[in-house]
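Trainee: Sharing a model prediction with you, sequence too.
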Amino acid sequence: MATAQQVPLNLDVVPSAAGLRIAIVVSEWNNEITENLFQGARAVLEQKNCTDILRINVPGSLELVYGCKLAMDADYDAIIALGSVIRGETPHFDYVCEAVALGIKDLNLQGKSPVIFGVLTDDTLSQAQARSGGKLGNKGVEAAVAAIMMAKLAI
């Protein structure tokens, strides 16, 4: 979803999450950002009547894939991966972003539970702040909506 032309989400059209088991795997790296993403995701899930929400904390974004795999093995209906990778002065950013994206893609191809990619990949801290509850909304909210919709699709 392009944030440059952000359209407010209409949560009224999102199905109920009652009875769904949703896991949220949260990277502790860039905690200010990821905590905001988590709060946004959790708020939507609760608003849509999801009462079985598991939070799994992992040290960084690379570890998100393993955390998601644990949740997948525990038969959650959907899994949300939340992280924040901010570009630095080395190519490390590119390696981390690619590894996480491919890892989550691989989990999705297993077809057991949908895994939602809620990892911000920004050039600056201010861009990450804008996308985690700032002027460009909260990508955690969007990830939760996607998780509900995909869980309903998979049922």
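Mentor: Noted; the coordinates are in hand.
Trainee: where does the chain have low pLDDT?
Mentor: When residues are selected by pLDDT under 70, those of the chain lie in 1-8, 154-155.
Trainee: quick one, strands of it?
Mentor: With strands called from DSSP state E, the chain shows them at 21-27, 52-58, 78-86, 115-122, 132-134, 137-138.
Trainee: Now render the ones you listed as CSV, adding mean neighbour count and distance to Gly67.
Mentor: From N, CA and C alone the C-beta is placed, and that goes for glycine too. Converted to CSV, these look like this (neighbours: other C-beta atoms under 10 Å; distance: least, C-beta to C-beta, whole Å):
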stretch, mean neighbour count, distance to Gly67
strand 21-27, 25, 4
strand 52-58, 16, 4
strand 78-86, 27, 8
strand 115-122, 24, 10
strand 132-134, 20, 19
strand 137-138, 21, 21
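Trainee: Can I get those strands in JSON lines including distance to Leu11?
Mentor: Shown next, in JSON lines, are these (distance: least, C-beta to C-beta, whole Å):
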{"stretch": "strand 21-27", "distance to Leu11": "15"}
{"stretch": "strand 52-58", "distance to Leu11": "16"}
{"stretch": "strand 78-86", "distance to Leu11": "16"}
{"stretch": "strand 115-122", "distance to Leu11": "16"}
{"stretch": "strand 132-134", "distance to Leu11": "16"}
{"stretch": "strand 137-138", "distance to Leu11": "13"}
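Trainee: wait, which of these is closest to Val13?
Mentor: strand 137-138 (16.9 Å; C-beta to C-beta).
Trainee: packing partners for that closest one?
Mentor: Under the contact criterion of 3 or more C-beta pairs under 8 Å, 6 or more residues apart in numbering; DSSP states H and E, strand 137-138 touches helix 31-47.
Trainee: now the helix it packs on against strand 78-86, angle please.
Mentor: Using axes from the mean of the first three to the mean of the last three C-alpha atoms, to 10 degrees, the inter-axis angle of helix 31-47 relative to strand 78-86 is 160 degrees.
Trainee: List the buried residues in helix 31-47.
Mentor: For helix 31-47, a neighbour-count test (16 or more other C-beta atoms under 10 Å) marks 33-38, 40-42, 44-45 as buried.
Trainee: quick one: contacts of that helix?
Mentor: The contact list for helix 31-47 (C-beta atoms under 8 Å, 6 or more residues apart in numbering) reads 11, 14, 17, 22, 24, 26-28, 53, 55, 80, 82-84, 118, 120, 125, 128-129, 132-133, 138-141, 143-145, 147-148.
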